[in-house]
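Colleague: fold the following and give me the result.
(2 chains)
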Number of protein chains: 2
Amino acid sequence: MSNRILISEVGPRDGLQMIRSVMPLEAKCAWISAEAAAGVREIEVGSFVRPDLLPQLADTAEVVRHACTIPGLTVAVLVPNLKGAQKAVEAGAHKITLPLSASETHSLKNLRRTHAQVLDEVRAIAAMLRELPPEQRPHFEGGISTAFGCTLEGEVPERKVVELAEQLMKAGCDEVGLADTSGYANPAQVKRLVRAVRSAVGENALTGLHLHNTRGLGLANVLAGLEVGITTFDSSLGGLGGCPFAPGAAGNVVTEDLVFMLEAMGLETGIDLERLIEVRKIVREALPEEPLYGFVPEAGLPLGFRPASRST
Amino acid sequence: MSNRILISEVGPRDGLQMIRSVMPLEAKCAWISAEAAAGVREIEVGSFVRPDLLPQLADTAEVVRHACTIPGLTVAVLVPNLKGAQKAVEAGAHKITLPLSASETHSLKNLRRTHAQVLDEVRAIAAMLRELPPEQRPHFEGGISTAFGCTLEGEVPERKVVELAEQLMKAGCDEVGLADTSGYANPAQVKRLVRAVRSAVGENALTGLHLHNTRGLGLANVLAGLEVGITTFDSSLGGLGGCPFAPGAAGNVVTEDLVFMLEAMGLETGIDLERLIEVRKIVREALPEEPLYGFVPEAGLPLGFRPASRST
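Modeller: Numbers count the residues shown, from 1 in each chain, chains lettered A, B, ... in the order given. Here you go, the predicted model:
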């Protein structure tokens, strides 16, 4: 198990795209700056999708430009296609993730594309990136969504996920990630699937998991991931993006709880937990109607708590 | 990792003692019967404490007598002292747990006794039990509370917990258990402490954990316990006993979520999850003001979910 874990905050993208309210640009920038100041080293700040589809993320280019001024921060964005990837490069993003849904039914609904069409897009993006000078070339991740099951198809065969991981790497991704989009994953499955994908594409080509807490298993699944060598975990401040009509049925793993678990276990995130919890205020003020989740912010830190990262 | 896991439902004791409302005897009996019918094989149904201290549990003797009529159910109770143990034996309980707080400050506050005084009580109970015919003799567990940290003392030395486990076994317990009373435990600590205690008292003398979800790590800690051979987990239906003034800051691990995780992982609990979720209705009707927690009851089961226990 690695002693140093990278938390990739996805709230400004995955959190905001799931809610109806639109957060003003200034609040987004303040949020990102405050998290970076608390020690968060990677933030997925937006998505280059059509603004009429996701007006919440229409200002992604401006958010990226702001985030890129923060020293030491890896600025990540989601891109659905070549056009989005070109915009990401123009804005200066350091990392781009293209989602490919393991469930083809979900892929057709979500991206309106078959697996073959998405893989064509990956090849086009990879070709575009190869033309760039290395210092302008973002890291290119293929994110396999619904990797642990799908609300439309149910069980997703593990063989299918392994095949797609191989195809993504062959098509030119630098790395693949696995996402539990539906909150279906369990710890045994996480270990099994990570091992299977890694043995197909190599250890360095799968370092990150995007886990949800829909059924309360988010942190248990993180633990399972840690135990098979995963070193990057996506999470969202306040679990933003949780389903507002089902209290407690949160979406993303809550960054605050995740950092607490890792730091308590002696794993360094580099994040100052008390400063991180303070960042909730910015989100709460900007989105007063959205519920924020998290057990640690409610319960407080244990008496005498000693985090692994002493200071940031 | 064992393939068959015992869930010990503690809601009727730990859940009810933490809340202000008093559940009527008939509702308690209906709750216990319904959980047993859903496949729960062990239930901690009450506590033989002074009724003026915990009026919520004043009818424990009657609850035990009812529960003992349910075929195949192990009826467990908490006892603070010899007198309580005698009452438990009279009522016919199959298992008694005496709590010993690893934090002596907590022990003085909670049981108004030092470690030495509690150990004297353990010896007196063991002597009383030895006089009984084997078929009337309940299983005697020493439950080490605040084993993972204490809200009064902070960190609790692991050496202290190991010593107390040895002393409890020497004083005549059949088994010890570890309880995360304060919700301070993390997965690395769970593994370390379980291994340390087991290597001191033997594997068979520590099979169960009582974990809380105060900081959201309940199921991750369960996973850690599973991985070092723990086969019994305490939990509470609807997380009953959660702290009502801190929404989301639940107390006990939620039985429904725990069963979901185990069954999804291929571990058999013998519990029918849909029937278990139905039992919430009984609790909700009897305690309309108490919040019930749980992610799985809110989110529902995954499409095509295949539990390890096909039917009960």
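Colleague: remind me what the host helix or strand of residue A:76 packs against, helices and strands.
Modeller: Residue A:76 is part of strand A:74-78, with elements assigned from DSSP states H and E. Here strand A:74-78 touches strand A:42-47, helix A:60-67, helix A:82-91, strand A:95-101, going by 3 or more C-beta pairs under 8 Å, 6 or more residues apart in numbering or on different chains; DSSP states H and E. Heads up, the C-betas are built off the backbone N, CA and C, glycines and all.
Colleague: how about those in TSV, adding mean neighbour count and mean pLDDT?
Modeller: Formatted as TSV, the helices and strands packed on strand A:74-78 follow (neighbours: other C-beta atoms under 10 Å in any protein chain shown; pLDDT from 0 to 100):
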stretch	mean neighbour count	mean pLDDT
strand A:42-47	27	98
helix A:60-67	21	98
helix A:82-91	19	98
strand A:95-101	25	97
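Colleague: of all these, which one is nearest residue B:302?
Modeller: strand A:95-101 (16.0 Å; C-beta to C-beta).
Colleague: what sits up against the next helix or strand after that closest one?
Modeller: Next helix or strand after strand A:95-101 toward the C-terminus (DSSP H and E): helix A:104-110. Residues outside helix A:104-110 that contact it (C-beta atoms under 8 Å, 6 or more residues apart in numbering or on different chains) are A:99-101, A:113-115, A:118, A:145-146, A:150-153, A:181.
Colleague: tell me which of the residues you listed is nearest to chain B?
Modeller: residue A:151 (5.9 Å; C-beta to the nearest C-beta).
Colleague: might you report the residue contacts of the closest one?
Modeller: A:106, A:182, B:302, B:303 are the contacts of residue A:151 under C-beta under 8 Å, 6+ apart.
Colleague: who wins for most neighbours among the residues you listed?
Modeller: Scoring the contacts of residue A:151 on neighbours with other C-beta atoms under 10 Å in any protein chain shown, the highest-scoring entry is residue A:182 at 25 neighbours.
Colleague: wait, doesn't that one sit right on residue A:214?
Modeller: Yes. Using C-beta atoms under 8 Å, residue A:182 makes contact with residue A:214 at a distance of 7.1 Å.
Colleague: can you tell me if stretch A:156-168 touches chain B.
Modeller: No. On the criterion C-beta under 8 Å from any C-beta of the partner chain, stretch A:156-168 is out of touch with chain B, staying 9.9 Å away.
Colleague: quick check: phi and psi at residue A:25.
Modeller: With angles defined as degrees, to the nearest 10, residue A:25 sits at phi -50, psi -40.
Colleague: wait, I meant residue A:57
Modeller: According to degrees, to the nearest 10, residue A:57 has phi -120, psi 20.
Colleague: relative to residue A:17, how far out is it?
Modeller: 6 Å (C-beta to C-beta, to the nearest Å).
Colleague: ok, the residue in the stretch 1-150 of chain A that chain B sits nearest to - contacts?
Modeller: Taking C-beta to the nearest C-beta, chain B has its nearest neighbour within the stretch 1-150 of chain A at residue A:149, 5.6 Å off. Listed by C-beta under 8 Å, 6+ apart, the contact set of residue A:149 reads A:155, A:156, A:180, A:182, A:184, A:185, B:302, B:303, B:304.
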